[in-house]
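>>> give me a 3D structure for the following:
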Amino acid sequence: MGNRRLLFLLGVLAVYYLLFQSILVPYENGNAPWSSLPQNNERIRFSSLHSTPKYFTVWNPPAVTVSGFSNSSAFVATVEKVPIPIVQYEVGQSKKRGIHNDEKVGLVSEWNYSDEDVFEHGVDRNDVRSLSEKKGVEKGDGLEVEGVGSINLNATLAKGSKIDFSVKQFLETKSTGASRLVKNNNIDSREHDGVGVHTSHSSTSSTNLTSLKNSPQKNIFSVSDNNTAVSIPRRKMRCMMPPKSRTLIQEMNQILVRRRASARAMRPRWSSKLDLEILAARSEIEHAPIVTNDKELYAPLFRNVSMFKRSYELMEHTLKVYIYKDGNKPIFHQPIMKGLYASEGWFMKLMEENKHFVVKDPAKAHLFYMPFSSRMLEHSLYVRNSHNRTNLHQFLKDYTDKISAKYQYFNRTGGADHFLVACHDWAPYETRHHMEYCIKALCNADVTQGFKIGRDVSLPEAYVRSVRDPQRNVGGKPPLQRPILAFYAGNMHGYLRPILLKHWQDKDPDMKIYGPMPHGVASKMNYIHHMKNSKYCICPKGYEVNSPRVVEAIFYECVPVIISDNFVPPFFEVLNWDAFSIILAEKDIPNLKQILFSVSHEKYLKLQLGVRKAQKHFFWHVKPLKYDLFHMTIHSIWYNRVFQIRLR
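This next block holds a predicted model:
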């Protein structure tokens, strides 16, 4: 009996000991004697950590094939100062978001960030997602790294908590050939080619991190008490992948009709008699006299030529614009007149020189112009290869705050009567939020990047080669003397152009589809020669939805074939693009020749006539002419304001 009681007491003590160990394991550095490695699809939750532990153990599950670890079945991360209330550690298969292995392209990440944090630069346009723009970490905010091999790590922050910890030892390998990622440096998103996420803190420390020598997932994640960063191998950029959603031209027409039916601008904080003038102009435009035969305007080019003509007349008679003098060169008041982004520069120059529309007294203005150059903003402030545009965004935010504090006009409407003209690809990101309600004339008119049909204006991207003579080499062969059915030549920017070449390069003698042409004057003249001798000029999107080929095709009287989902064509609110272009969905590339051959000869002649008639609306002039590109731009800004205005 005594032996039985002794054995019973020992068993009870063993059970209590095991329970005690099970409580301590998540908090202390060690394994329980009964412990085994987690199996696939298990989930281990570490509940609220009210204390500040010095260590915790992270298991390396058997599903991960990694060499270079020590003999221990677990690797240990030594963590200090970890006030993280909830930590979830998941073992399972990769999820939709996060990092996953792709047999074709290697390690690919699919982080579900908002579009505002996405950007590209040049050929190397790497994506950077930054949390540094947020003012604080709120309840429910999380830092999530999922699917590294078969490991999922999910950390969620409770209200009032901050990430403030340093890693002294993480993934230390036995091999001396392992590469060292960071040594005694604070981690910043600009140091990585992949995705960077960081939140700043006051404390500082050094971080040492070694990679896994033989693992394809070398840069898993790293954290610092000065910055919390996620370093991920280079991923597929947004501009190299098809869009997640597509808005075709038919849907854009429906959106425009809906937004014309109801005003969407912010209601002004106090009334102004100038608002009544715009409202009266709207009534006159809606009841415009019917135009039957106008010598200056080709009616098929317009959605409603009568409304356009009356609106243009009222603009000339009524519109007054105030230009803010604030801001220093070169970002402000210094136009670029040549090259790919010349449209914003020409408008700035001609607007600031204009004496008909511009007034010196802001109290007399219907619209307010913020004269900055998005191209010079990038040229002046962007740190090359940093993959971080936060300072550009912040610069324009500071400018907006300045004029809203100095003047009363921005605050009256929330910026709804203010406008900007920008042609750089980054302009949608740079002007987001703080200029959200402004009228934006953008070359990058992408509905998935915040472009608002009916309020914003799609600005033509005109490549200007000569400041003295912007219309150099304009024109082309007559319709019956164009032997080439379709022509394209250009760099392989983006995901769509390689698809075009895959289907049509060297596949058909009627389809002159090429890659990049050699550099030099002879090459440029050969390019122009092909456009002048082609019936259709293919205008596929590049990194962004817009392309200068649309305007080039019109210059050389070649019917543009626009292939770019989500792209809003220039002056969409007034022009009927079906009268002088063909707009196709990206999925139609394999049937491109069949579609072009199906266009009857009579319809082609009408399209080509429409291109010739539309030319004057896409020309810049040293001295602006009626209905030219300058006046079409200011008119579309005026027109959208007229149909979006709301009264108090």
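>>> could you use CA atoms for every contact and neighbour count after this?
Fine.
>>> is it correct that residue 561 falls within a strand?
Yes - membership of residue 561 in a strand is supported by DSSP: H, G, I helix; E, B strand; the rest coil.
>>> ok, it touching residue 582?
Yes - with contact defined as Cα atoms under 8 Å, residue 561 reaches residue 582; the gap is 4.8 Å.
>>> what's the separation between the closest residue to residue 271 other than its chain neighbours and residue 426?
Excluding the flanking residues, the one nearest residue 271 by Cα to Cα, 6 or more residues apart in numbering is residue 648, at 5.7 Å. Distance of residue 648 to residue 426, computed by Cα to Cα, to the nearest Å: 34 Å.
>>> more neighbours: those two, which one.
In terms of neighbours (other Cα atoms under 10 Å), residue 426 is the more surrounded of residue 648 and residue 426; the figures are 23 against 10.
>>> settle it for me: which of residue 561 and residue 582 has more neighbours?
Using other Cα under 10 Å as the criterion, residue 561 and residue 582 rank with residue 561 on top: 23 against 19.
>>> report the contact partners of that one.
Residue 561 is in contact with 536, 537, 538, 539, 540, 581, 582, 583, 584, counting by Cα atoms under 8 Å, 6 or more residues apart in numbering.
>>> in TSV, list those along with distance to residue 422.
Shown next, in TSV, are the contacts of residue 561 (distance: Cα to Cα, whole Å):
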residue	distance to residue 422
536	29
537	26
538	25
539	21
540	21
581	24
582	26
583	24
584	26
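>>> of those, which is the most crowded?
Going by other Cα under 10 Å, residue 537 tops these with 32 neighbours.
>>> got a list of contacts for the helix or strand hosting it?
Here residue 537 is covered by strand 534-540, with elements defined by DSSP states H and E. Contact with strand 534-540 is made by 479, 482-488, 496-497, 531, 547, 549-550, 553, 558-564, as judged by Cα under 8 Å, 6+ apart.
>>> likewise for stretch 581-597?
248-249, 496, 499-500, 503, 511, 559-565, 607, 611.
>>> ok, now stretch 263-271?
With contact meaning Cα under 8 Å, 6+ apart, stretch 263-271 is reached by 411, 412, 413, 414, 416, 437, 643, 644, 645, 646, 647, 648.
>>> pLDDT on it, on average?
For stretch 263-271, mean pLDDT rounds to 85.
>>> end-to-end on that stretch?
When the termini of stretch 263-271 are compared using Cα to Cα, they are 16 Å apart.
>>> repeat that for stretch 451-464.
End-to-end distance of stretch 451-464 (Cα to Cα): 25 Å.
>>> same question, stretch 444-456
Termini of stretch 444-456 sit 11 Å apart (Cα to Cα).
>>> with stretch 537-557 instead?
9 Å.
>>> quick one: contacts for residue 617?
By Cα under 8 Å, 6+ apart, residue 617 lies in contact with 627, 628, 629, 632.
>>> now tabulate the residues you listed in a markdown table and tack on distance to residue 4 and secondary structure.
Formatted as a markdown table, these follow (distance: Cα to Cα, whole Å; DSSP: H, G, I helix; E, B strand; the rest coil):
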| residue | distance to residue 4 | secondary structure |
| --- | --- | --- |
| 627 | 105 | coil |
| 628 | 104 | coil |
| 629 | 100 | helix |
| 632 | 100 | helix |
